[in-house]
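Q: no sequence for this one, just the structure:
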């Protein structure tokens, strides 16, 4: 199973490198949101720095949705998903590998780029580091939650809007604790470790539940 997992991750990473698309689009979308919000709020740097982590997290949630509808749909269209379903490796391993590859090309770049984008919302060094860490810990939860919606809409053409409606409410707890952890690092009353631990627990729970639920949804859609 480990070799199958590695092969599937390498396959999806290779396809992402050749075709491009969701990873680069997510970064561009992330940058657009972070760049536009200061124009809407005005030149108040104190306000921007105070709500900066929330802006970055909201932008990350929306950017994560880019390309999620194609997570399983492309393999459904070309028949690859049928071959993966009939392979000796459990379908849960296939789902886990594809979600891991998607996070490596989408969620991880968002977390790594967040300190740079934090300059646009007047964050200091501590706030940038805290926000980047919370995104690194929390974006896997967003991806696994999105994978469930992607599996449910894999057989639906242009299911991106349905996917967003399905998964956005489920991403709210991750958004809340992600913003709370970032805010606590820059002067909140709650210790930074408390919401960060809850955020890590949400990612672990989403990894287990999301993998099982996505695999079940793919079996159900056959």
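A: Happy to help now that I have it. Please read all numbers here as calculations on a predicted model, not as lab measurements. Numbers count the residues shown, from 1 in each chain.
Q: quick check: mean pLDDT of the helix or strand hosting residue 109?
A: Using DSSP states H and E, the element containing residue 109 is helix 107-118. Helix 107-118 shows an average pLDDT of 92 in the prediction.
Q: repeat for stretch 136-147
A: On average, stretch 136-147 scores 95.
Q: same thing with stretch 73-83?
A: Stretch 73-83 comes out at a mean pLDDT of 74.
Q: read off the pLDDT value for residue 222.
A: Note on residue 222: pLDDT of 62.
Q: now do the contacts for residue 132.
A: Contact analysis of residue 132 by CB atoms under 8 Å, 6 or more residues apart in numbering lists 111-112, 114-115, 118. Any C-beta I mention is one placed from the backbone N, CA and C, and that applies to glycine too.
Q: which of the residues you listed ranks first by neighbour count?
A: With neighbours taken as other CB atoms under 10 Å, the top of the contacts of residue 132 is residue 114, carrying 27 neighbours.
Q: what sits against residue 84?
A: So residue 84 contacts 8, 75, 91, 94 (CB under 8 Å, 6+ apart).
Q: out of these, who's the most crowded?
A: Most surrounded of the contacts of residue 84: other CB under 10 Å gives residue 94, at 25 neighbours.
Q: over to that one: give its phi and psi.
A: phi -60, psi -50 (degrees, to the nearest 10).
Q: one more: the one 5 residues further on?
A: The phi and psi values for residue 99, taken as degrees, to the nearest 10, are phi -70, psi -40.
Q: how long is stretch 65-77 end to end?
A: Taking CA to CA, to the nearest Å, stretch 65-77 runs 20 Å from one end to the other.
Q: who touches it?
A: Contacts of stretch 65-77 (CB under 8 Å, 6+ apart): 21-23, 25-26, 29, 80-81, 84, 98-99, 102, 106, 143, 146-147, 149-151, 153-155, 158-160, 163-164, 167-168, 214, 218.
Q: what's the PyMOL line that selects buried ones from the residues you listed?
A: Buried subset of those, written as a PyMOL selection, criterion 16 or more other CB atoms under 10 Å:
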select buried, resi 22+23+26+29+81+84+98+99+102+106+143+146+147+149+150+151+153+154+159+160+163+164+167+168+214+218
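Q: among the contacts of stretch 65-77, which are located in helices?
A: Using DSSP state H, the subset of the contacts of stretch 65-77 located in helices is 22-23, 25-26, 29, 80-81, 84, 98-99, 102, 143, 146-147, 149-151, 160, 163-164, 167-168, 214, 218.
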